[in-house]
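**Q** I would like the atomic coordinates for the input below:
(one chain, ligands or ions: 1)
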Amino acid sequence: MRLSARARNLTPSPTMAIDAKSKQMLADGVDVVNFSVGEPDFDTPESIKAAGIAAIQQGKTKYTPAAGTLELRKAICEKLARENGLQYTPDQIVVSNGGKQSLYNAYQVLLDPGEEVIIQAPYWVSYPEIVRLAGGVPVVVETDESTGFRMTADMIREKLTTRTRVINLNSPSNPTGAVLSRKELAEIAALAVERDLIIVTDEIYERLLYDGAEHVSIATFGEEVRKRTITVNGLSKAYSMTGWRIGYTASERIFAKAMGDLQSQSTSGPSSISQAAAVEALRGTQEPVEQMRQEFDRRRRHMMTRLNSLPGFSVKVAPEGAFYLFPNVSGLFGQTIAGRRITSSDDLAEVILERAHVAVVPGTGFGAPNYIRFSYATSMERIDEGLDRIARLLAEG
Ligand SMILES: Cc1ncc(COP(=O)(O)O)c(C=O)c1O
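**A** Residues are numbered from 1 along each chain as shown. Modelled structure (predicted):
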């Protein structure tokens, strides 16, 4: 049996793989503390769940337009105007099965074979694969603590070639929590206009901000920028709705039409029930979002302090968004832990899972092999339990 080259070359999501492994250990009766998750641990707010249940009872259980219901696309336009200062009409919105499909659609309609996409590392694991699946070539801009894990216009400029088509942005960032400033974004926007590039901006963590950080949508920097930008967002993270699978894009009509058409021949529209719930999420009370943010903030500060006290772990840049910490663990390379010589973050993550029963994600999949990602989308008690276990493991030597 032979698979296509596309399938053979595909790397499965390492974060989902670790999550699956730790869930399997849990099912086998092992008490795993899971810091690998990319989803809030909170339940979906009641009013949103009620809207989903009402949708079922009202018979909203049929196909919707491929690009999403008009009502949801209107609610998204209202949200973009209210929160982001962006003016769009419903025919510029495409609702998909999560922000992941929105990104997939975007790159499918943007790229021809061999066209290059600028991606900053550390990056969310799926960007390079989604670009490759569209025939594109990821071109990575490395960043580290010295620039606060932020990519600047000058760093991008050095990587531009005649084949560059897209600058991919993710602010706040998964995995670093870095937030690009208004000035940094303005410079990147100006570069995109100067070099006639498209911007794909993944703003899915925009509501989870700390220490007074400000989220700015790059599409707000004037008409020239807006027309070359595809803004990607979704409800998974802000509303704790990961399983409902609702994401969306806002863009020029030419892109929106192409993405809607693509979706009409692939998945059709997302679940009618989830779309009804999403309308309530966007139009209803925003109180739960703020409550979750405050709890994340408390955990972020606590976990950062504790991580920095672990030998060999260093979080030099406080994340300003999302719900991850990304300590540098290269100080442990060459050392022996639980009888095993540690040469990489993969080794370290494996020892931590096997010997301390704590699931973390090595930085390799994020294009940052000196780091490990810790999600704080779990309770304070579990954070302390997991870090106590790692501390004991490291003390064993
Ligand atoms: C940076 C980033 N973008 C997009 C997504 C996709 O989320 P979803 O498909 O649930 O909307 C994720 C999920 O982990 C993410 O971390």
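**Q** CA atoms for contacts and neighbours, from now on please.
**A** Noted.
**Q** All the helices of this protein, residue numbers only.
**A** Here the chain has its helices, by DSSP state H, at 5-8, 14-27, 46-57, 70-79, 98-110, 126-133, 153-157, 182-194, 223-226, 253-264, 272-283, 287-308, 345-356, 380-396.
**Q** so which of the ones you listed gets nearest the ligand?
**A** Closest to the ligand of the helices of the chain, according to Cα to the nearest ligand atom: helix 98-110, at 3.4 Å.
**Q** Please enumerate residues in contact with the closest one?
**A** Helix 98-110 has contacts (Cα atoms under 8 Å, 6 or more residues apart in numbering) with 94-96, 130-131, 133-134, 200, 204, 230, 232-236, 242, 245-249, 255, 258-259, 262-263.
**Q** 6 Å instead?
**A** For helix 98-110, contacts defined as Cα atoms under 6 Å, 6 or more residues apart in numbering pick out 96, 130, 134, 233, 234, 245, 246, 247, 248, 259.
**Q** Can you get me a residue count around the residue of the stretch 251-397 of the chain found nearest the ligand?
**A** Going by Cα to the nearest ligand atom, the ligand is nearest to residue 322 of the stretch 251-397 of the chain, at 8.5 Å. Other residues within reach of residue 322 by the criterion other Cα atoms under 10 Å amount to 32.
**Q** can you tell me how far it sits from residue 390?
**A** 23 Å (Cα to Cα, to the nearest Å).
**Q** Would you mind listing what in this structure touches the ligand?
**A** Residues of the chain found near the ligand (Cα under 6 Å from any ligand atom) are 38, 98-100, 124, 174, 202, 204, 234, 236, 242, 245, 247.
**Q** at 5 Å instead, please
**A** For the chain, the contact set with the ligand under Cα under 5 Å from any ligand atom comprises 98, 99, 100, 174, 234, 236, 242, 247.
**Q** neighbour-wise, which of these leads?
**A** Taking other Cα under 10 Å as the neighbour criterion, residue 234 ranks highest of the residues of the chain next to the ligand with 28 neighbours.
**Q** mind listing what the spatially most central residue of the chain touches?
**A** The geometric centre of the chain, computed from its C-alpha atoms, lies nearest to residue 174 (Cα atoms, centre = their mean), at 5.0 Å. Shown in contact with residue 174 (Cα under 6 Å, 6+ apart): residue 124.
**Q** how close does it get to residue 273?
**A** Noted for residue 174: a distance of 28 Å to residue 273, by Cα to Cα.
**Q** cool, residue 362 as well?
**A** Distance of residue 362 to residue 273, computed by Cα to Cα: 36 Å.
**Q** who's more crowded, the two?
**A** Per other Cα under 10 Å, whichever of residue 362 and residue 273 has more neighbours is residue 362, with 28 against 21.
**Q** Now do the contacts for the residue nearest to that one when sequence neighbours are not counted.
**A** With Cα to Cα, 6 or more residues apart in numbering as the criterion, residue 362 has its nearest non-adjacent residue at 4.5 Å, and that residue is residue 372. With contact set as Cα under 6 Å, 6+ apart, residue 372 has these partners: 326, 327, 361, 362, 363.
**Q** how about the nearest residue to the first one, chain neighbours excluded?
**A** Nearest-residue entry for residue 326: residue 373, 4.7 Å, with adjacent residues in sequence omitted and distances by Cα to Cα, 6+ apart.
**Q** Would you confirm that the one you found contacts residue 361?
**A** Yes. Residue 373 is in contact with residue 361 according to Cα atoms under 6 Å; the separation is 5.1 Å.
**Q** quick revisit: ok, the residue nearest to residue 326 - contacts?
**A** Here residue 373 is in contact with 325, 326, 361 (Cα under 6 Å, 6+ apart).
**Q** Look up how far residue 222 lies from it.
**A** Per Cα to Cα, residue 373 is found 36 Å from residue 222.
**Q** Pull the number of nearby residues for the residue lying closest to residue 343 once chain neighbours are set aside.
**A** Nearest residue to residue 343 in three dimensions, chain neighbours excluded: residue 333, at 4.8 Å (Cα to Cα, 6+ apart). Using other Cα under 10 Å, residue 333 is surrounded by 16 other residues.
**Q** relative to helix 345-356, how tilted is the helix or strand of the chain with the lowest mean pLDDT?
**A** Least confident helix or strand of the chain, by mean pLDDT, DSSP states H and E, is helix 14-27 with a mean of 82. Helix 14-27 and helix 345-356 meet at an angle of 10 degrees, taking axes from the mean of the first three to the mean of the last three Cα atoms, to 10 degrees as the criterion.
**Q** can you give me the offset of helix 14-27 from its chain's centre?
**A** Centroid displacement of helix 14-27 relative to its chain, using Cα atoms, centre = their mean, to the nearest Å, is 19 Å.
**Q** now swap in stretch 90-106 and tell me
**A** With Cα atoms, centre = their mean as the basis, stretch 90-106 stands 14 Å off its chain's centre.
**Q** now residue 162: how far from residue 253?
**A** Noted for residue 162: a distance of 26 Å to residue 253, by Cα to Cα.
**Q** more neighbours, these two?
**A** Set side by side, residue 162 and residue 253 show more neighbours around residue 253, with 16 against 8, by other Cα under 10 Å.
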